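J.: this one's structure only:
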């Protein structure tokens, strides 16, 4: 009798949850599943030989597949150079950003873009993307963005996603000016 009050989506969701492992059922929604890739970010501070600034932070690299501990740790500590590893990030792909992924992958030097902030005099990564469009919006918003070289493993993974999901929008044909009314030609 309870089954009669369920909508079509509820029946589908219930059937889907029956075949899923227990650890994946909590908070599950088929529409929410997005491909993601575990990454760690290496942030670097280097001394600058400048009278007004002692040093500068920058995103140095990303490392695929970092799992386990999520606490940042020092990799290199020298007087003129410090590198911190920030594990526990996930690069999540969104279908509506596929044009930005395609643009990045077809560039001469594909990048992973790292949005970071300075916190307690240390550069701390906040978010990652491989979409050129999303990184541009972050930069337009005044955030600190660095592009680091994209590892081959991530390039292949994003490339498969773009092949499956990117469909270029058809270009709109523009009429020659001679076919337009004189008041619209200029």
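T.: That came in fine, so what should we check first? Given the structure is predicted, the values throughout are model-derived calculations rather than measurements. Numbering: from 1, shown residues only.

J.: what's the distance between the residue minimising distance to the centre of the chain and residue 183?
T.: Nearest residue to the geometric centre of the chain (C-alpha atoms, centre = their mean): residue 129, 1.7 Å. According to C-beta to C-beta, to the nearest Å, residue 129 stands 44 Å off from residue 183. Every C-beta, even on glycine, is put in place using the N, C-alpha and C of the backbone.

J.: before we move on, back to that, is the residue nearest to the centre of the chain in contact with residue 91, as I believe?
T.: Yes. The pair formed by residue 129 and residue 91 meets the contact definition of C-beta atoms under 8 Å, at 7.4 Å.

J.: shared neighbours, those two?
T.: Residues touching both residue 129 and residue 91 comprise residue 112, with contact defined as C-beta atoms under 8 Å, 6 or more residues apart in numbering.

J.: what about this protein, any weak spots by pLDDT?
T.: Residues of the chain meeting the criterion pLDDT under 70: 1-32, 66-68, 175-180, 185-186.

J.: any chance you could map the strands in it?
T.: In the chain, the strands defined using DSSP state E lie at 36-47, 55-64, 73-78, 81-92, 111-119, 122-129, 144-149.
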